[in-house]
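Novice: Here is my input; please provide its structure:
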Amino acid sequence: MVSVVGTILLVAFVIVCILLVLLVLAQNEDSNGMGSSFGGGQSAAFGAHSASVLTKTTGVLVALFFIIAFGIGLLNKPVKKAALNSVSAETAVTEEAAGTSWYSSEEAAAEGEAVEAEAAETVESEVAEEAAAE
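Specialist: Prediction:
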């Protein structure tokens, strides 16, 4: 479900970005657009002239840009460690219930048992050497 919503938001984001770039490029620099408040035109900021359709559409697309960007950011937020720990605990319980372990083949199981036996022998010999040294 999340991946479908994320994909839809990403496609909408790309479309909004392309439309926003094209709309800004289509605006006349001498008009009373958004840039006029920064010295681009002769009217004062929020003057008596009403905004053109291009300017209103640009404002709507900018708002959509930010809304979709925050939406994508929230969907891609990293998972908390507590949630990861609960998932790994559930996996361990499921593996114990199914009778599986970290190895999947009989060959790997035999290798694992051989390594465990060798480690046990090593520990026993070290304990015996320490006991003899005392």
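
Novice: just for the chain, where's the confidence low?
Specialist: Low-confidence regions of the chain, defined by pLDDT under 70, span residues 1-2, 29-51, 81-110, 112, 134.

Novice: which residues in it form strands?
Specialist: In chain order, the chain shows no strands, with DSSP state E as the criterion.

Novice: can you give me the helices in it?
Specialist: 2-26, 53-75, 81-98, 106-133 (DSSP state H).

Novice: Export those to JSON lines and append columns for mean neighbour count.
Specialist: Using the backbone N, CA and C atoms, a C-beta is placed for each residue, glycine as well. Listed next are the helices of the chain as JSON lines, based on neighbours: other Cβ atoms under 10 Å:
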{"stretch": "helix 2-26", "mean neighbour count": "13"}
{"stretch": "helix 53-75", "mean neighbour count": "14"}
{"stretch": "helix 81-98", "mean neighbour count": "10"}
{"stretch": "helix 106-133", "mean neighbour count": "10"}
